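Visitor: Turn this into a structure:
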Amino acid sequence: MTTNLTLANYFHEWMETFKKPAISSVTYVKYQNTYQHIKNYFGDIKFNKITRQNYQTVLNNFAKTHAKRTTAGFHKQIRAAVIDALEEGIIKTDFTRKAIITGREKVTEKVMFHSYSEWQTLIQATCISTNSYDFIIYLSAMTGLRFAEVLGLTVADINFKSKLIVVNKTWDYKYHTGFKPTKNSSSIRTIDVDTKTLHVIKNIIRARKFKLPQQKICENENGKLPVSATINRHLEKLCDKLNIASISFHGLRHTHASILLFKNVNILSVSRRLGHKDVTTTQSVYLHIIKEMEERETKLIMKIMMKALSE
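Guide: The predicted structure follows:
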């Protein structure tokens, strides 16, 4: 009976029986993700044929594209199932014992935000791309939207006539539970967008043949949306290719706000555009930019005073 049993088969039955009734649906998604990884990495190898060396090789390969914390979680869930299988007599050895956990390290130190010229380089490169990841990066760089807000945008949220983007929901990219409310009530807002960005959005909608109002405009050709780790890796590679500083996806939001503030856009307008709860939040996050602006304004004030005295 157990001769043809694979690790994937056992894990699936185990999580359905012992985990699904006892944990939240959000937590259960993590087990479903592990199950998919098991199928991808272990394939059809028989459960009772897996050795410590087989298992360690899989962990090492998994760790090449995942953080150490993610690898540890992957191992922890598999080990829990393996120990139960051992107690049931389904397998004879614990091949997860003394496994070594590693993970992908950050090779490049990321800055908090791009300079104006770096931002220009990025948006000019991504606005002409049909790649869904580039489109997501472009949208955030041009609007300051959070990752979940960008993913939650649907065809109905784009008002081409009024040149507005309506933000009234987010997408749960972490646990895949669908649309969710915005971070807070202040995050429900409309954002003015330029004609060029509207053109980029229109081209994507046409290329993907989106017709239904509820269709998400950031879906790829297969109707899928990325997770944060995937989009961050893509952004890192793109920055390297463009020879600009590497930033995180959230850094696109910081860049957008910093540029607006440094270009003398009123802080209240920036705060509303970002969906901050109040101006105090904007001030605390972008204090470094505000200080630079104050120094620049002080020099301008002194110049005005000196000119008045010399006239």
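Visitor: Check residue 74 and give its pLDDT.
Guide: pLDDT, residue 74: 94.
Visitor: Kindly apply the preceding question to residue 280 instead.
Guide: 88.
Visitor: What's the separation between it and residue 146?
Guide: 19 Å (CB to CB, to the nearest Å). For glycine as for every other residue, the C-beta is placed from the backbone atoms N, C-alpha and C.
Visitor: now residue 137
Guide: In terms of CB to CB, residue 137 sits 13 Å off from residue 146.
Visitor: These two - which one has more neighbours?
Guide: residue 137 (24 against 21; other CB atoms under 10 Å).
Visitor: for the nearest residue to that one once chain neighbours are set aside, what are its contacts?
Guide: Using CB to CB, 6 or more residues apart in numbering and skipping the chain neighbours, the partner closest in space to residue 137 is residue 126 (5.3 Å). Contacts for residue 126 (CB atoms under 8 Å, 6 or more residues apart in numbering) come out as 134-135, 137-138, 141, 238.
Visitor: Including distance to residue 69 and secondary structure, could the residues you listed go into TSV?
Guide: Listed next are the contacts of residue 126 as TSV, based on distance: CB to CB, whole Å; DSSP: H, G, I helix; E, B strand; the rest coil:
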residue	distance to residue 69	secondary structure
134	28	helix
135	29	helix
137	25	helix
138	30	helix
141	28	helix
238	24	helix
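Visitor: Adding distance to residue 254 and pLDDT as columns, could you present those in CSV?
Guide: Shown next, in CSV, are the contacts of residue 126 (distance: CB to CB, whole Å; pLDDT from 0 to 100):
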residue, distance to residue 254, pLDDT
134, 19, 96
135, 20, 97
137, 14, 97
138, 16, 97
141, 11, 97
238, 17, 93
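Visitor: Name only those of those that count as buried.
Guide: 134-135, 137-138, 141, 238 (16 or more other CB atoms under 10 Å).
Visitor: low-scoring pLDDT stretches of the chain, where are they?
Guide: When residues are selected by pLDDT under 70, those of the chain lie in 1-2, 26, 105-110, 288, 290, 292-294, 296, 311.
Visitor: Just give me the residue closest to the centre of it.
Guide: residue 228 (2.3 Å; CA atoms, centre = their mean).
Visitor: The nearest residue to that residue once chain neighbours are set aside: what's it in contact with?
Guide: Nearest non-adjacent residue to residue 228, counting by CB to CB, 6+ apart: residue 147, 5.9 Å away. With contacts defined as CB under 8 Å, 6+ apart, the neighbours of residue 147 are 136, 140, 173, 228, 231, 249-250.
Visitor: mind redoing it with 10 Å?
Guide: 136, 140, 170-171, 173-174, 226-228, 231-232, 248-250, 252-253 (CB atoms under 10 Å, 6 or more residues apart in numbering).
Visitor: cool, and residue 210?
Guide: Taking CB under 10 Å, 6+ apart, one finds 154-155, 204, 216-217, 219 in contact with residue 210.
Visitor: Hmm, residue 41 and residue 61 touching each other?
Guide: Yes - with contact defined as CB atoms under 10 Å, residue 61 counts as touching residue 41 (6.6 Å).
Visitor: Sketch out the helices for the stretch 151-300 of the chain, chain order is fine.
Guide: Assigned by DSSP state H, counting those that start in this stretch, the stretch 151-300 of the chain shows helices spanning 195-208, 228-242, 249-262, 267-274, 279-285, 287-310.
Visitor: Save those as TSV, and put in distance to residue 3 too.
Guide: As requested, the helices of the stretch 151-300 of the chain are exported to TSV (distance: least, CB to CB, whole Å):
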stretch	distance to residue 3
helix 195-208	47
helix 228-242	37
helix 249-262	47
helix 267-274	59
helix 279-285	59
helix 287-310	64
